[in-house]
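Visitor: Generate coordinates for the sequence data below:
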Amino acid sequence: MVVHFDVAVIGAGAAGMMAASVAGQRGLRVVLIDHAKKLAEKIRISGGGRCNFTNIGTTAQNFISQNPHFCRSALSAYTPQDFLRLVNAYGIAWHEKHKGQLFCDDSSESIIQLLRQECAKGNVSWRMPCAVQAIQKTDSGYQLATDGGAIACEQLVIATGGMALPQVGATDFALRVARQFGLKVVEPRPALVPLTFDASSWKPFVPLSGVSAEVMLSNQTKPRVQFLEDLLFTHRGLSGPGILQISSYWQPGQSICINLLPEQDLGQQLVAAKKGNRQQLDNYLATFLPRRLVEQWLNAMQILPAGWEQKKVADMGDKALLQLGQALQSWTLFPTGTAGYKKAEVMRGGVDTNELNQKTMAVKTHPNLYFIGEAVDVTGWLGGYNFQWAWASAVACGRAL
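Guide: The predicted model follows:
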């Protein structure tokens, strides 16, 4: 027996629940389908379990896409303030942590329950856990073959996200559906992900595992970007917010540049500090950077002449100090890869935005088929931007259904 609905939404994550709730509250008969046993695990673990649910300063400039203008319409139609009003309506306590990032005071579960209750207001039907085996185009819409039987719908929304964090259920389902219907897909890859290095070249820095510092990171390819954020050394390479940010722009074979002491001219500062300074160089540098980082980095880089360990700042030559300052502020590294989808927060790439209507998220060649959220080639920075894209793209879709 085939069960009929106006709308079927596949994927009960942030974007899927939001789109289903908006459509349901407009009076449409909506079914929400998800293969997972646990609801919205990516929301649950986000923000260290507190869900960085938006960024109050969101603009289109905070997103990466082959068409950087595509996201403007949806983001302007549903803003961070709009979602914040919904959060406040549910009495969810929140705080701004850093650079416009908004978090729940308590648990991510608050956001999940908000979305569940919004779906309940729209009388959304649930099929979960329920896998979709096949999608077939029909004269009146689409028919889905699922674990729970056949479902027919006039309009179909794909909200299954990307491939980041497969351990909590992420798959390439959305990309397979896009290709089934002949849509172009921008090659996907892990984003907001730690960067890794060749084991032999990274060996000198392994003892720094666990050390962190605020640095300025930049990429060497267009578009050029800079992020002033924390960096964290790991056994395999580099992580921390700054590295996650720059990883979305890094291309294999390209370098990244790290300024270990941003917003100052260290070389000139070292020269100016020479007079009468009887501190050993590493002791002086340890007033700016973690001591372990100073000692290990100086030994690994071999920038200074032999015997520098015994020299006082006052005894160092100006040229050597200027070279040291430049090296510390323009450390160029060549990552060999990333930590992959298991450690990535999001997927970069996805359904080519040229295939979609920017105001509705509908496929131009299949007007009753929609792609929203992470499945689309719109990837936000770290810090709540990807949640805002989920809300905004879902609302644009939900209002158009």
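
Visitor: For Lys311, give me the pLDDT.
Guide: Each residue has a pLDDT score; the one for Lys311 is 83.

Visitor: What sits closest to it if chain neighbours are left out?
Guide: The spatially closest residue to Lys311, leaving aside those adjacent along the chain, is Leu281, at 6.2 Å (CB to CB, 6 or more residues apart in numbering). For glycine as for every other residue, the C-beta is placed from the backbone atoms N, C-alpha and C.

Visitor: list the contacts for the one you found?
Guide: When contacts are counted by CB atoms under 8 Å, 6 or more residues apart in numbering, Leu281 touches Leu298, Leu304, Trp308, Glu309, Lys311, Lys312, Val313, Met316.

Visitor: right, and out of these, which lies closest to Ser107?
Guide: Leu298 (43.9 Å; CB to CB).

Visitor: on contacts alone, who are the packing partners of the helix or strand containing that closest one?
Guide: Of the helices and strands defined by DSSP states H and E, Leu298 is found in helix 291-301. Packing partners of helix 291-301 (3 or more CB pairs under 8 Å, 6 or more residues apart in numbering; DSSP states H and E): helix 281-285.

Visitor: Give the buried residues for the helix it packs on.
Guide: Of all the residues in helix 281-285, those buried under the rule 16 or more other CB atoms under 10 Å are Leu281, Asp282, Tyr284, Leu285.

Visitor: returning to what we had before: relative to helix 291-301, how tilted is the very next helix or strand once past the helix holding Leu298?
Guide: Past helix 291-301, further along toward the C-terminus, the next helix or strand under DSSP H and E is helix 318-329. Going by axes from the mean of the first three to the mean of the last three CA atoms, to 10 degrees, helix 318-329 is angled at 110 degrees with respect to helix 291-301.

Visitor: Using the record's assignment, carve the chain into domains.
Guide: 2-189+347-400, 195-338 (automatic domain parsing).

Visitor: Can you tell me which of these is most buried?
Guide: Of all these, domain 2-189+347-400 carries the top mean neighbour count, a mean of 20, counting by mean count of other CB atoms under 10 Å.

Visitor: Endpoints of it, how far apart?
Guide: Domain 2-189+347-400 stretches 25 Å from its first residue to its last (CA to CA, to the nearest Å).

Visitor: before we move on, back to that, Ala159: which of the buried residues of helix 281-285 is nearest?
Guide: Leu285 (50.2 Å).

Visitor: Report the contact partners of the closest one.
Guide: Listed by CB under 8 Å, 6+ apart, the contact set of Leu285 reads Val294, Leu298.

Visitor: Next one: it, what pLDDT does it get?
Guide: If you check Leu285, the pLDDT there is 92.

Visitor: now the longest helix along the chain: how far from the chain's centre is it?
Guide: Of all segments of type helix in the chain, defined using DSSP state H, the longest is helix 385-400. Mean C-alpha position of helix 385-400 versus that of the full chain (CA atoms, centre = their mean, to the nearest Å) differs by 16 Å.

Visitor: Quick one: mean pLDDT for that helix?
Guide: For helix 385-400, the mean per-residue pLDDT is 98.

Visitor: Please name every helix or strand in contact with it.
Guide: Secondary structure elements in contact with helix 385-400, counted by 3+ CB pairs under 8 Å, 6+ apart, are helix 14-25, strand 52-55, helix 72-77, helix 80-89, strand 379-380.

Visitor: switch to 6 Å and redo it
Guide: Applying 3 or more CB pairs under 6 Å, 6 or more residues apart in numbering; DSSP states H and E, we find helix 385-400 packed against helix 14-25, strand 52-55, helix 72-77.

Visitor: what angle separates the first one from helix 80-89?
Guide: When the same axes, to 10 degrees is applied, the directions of helix 14-25 and helix 80-89 differ by 70 degrees.

Visitor: For the nearest residue to Ala164 once chain neighbours are set aside, give me its contacts.
Guide: Computed as CB to CB, 6+ apart, the closest residue to Ala164 that is not its neighbour in sequence is Ala344, at 4.2 Å. With CB atoms under 6 Å, 6 or more residues apart in numbering as the criterion, the residues that contact Ala344 are Ala164, Pro190, Val193.
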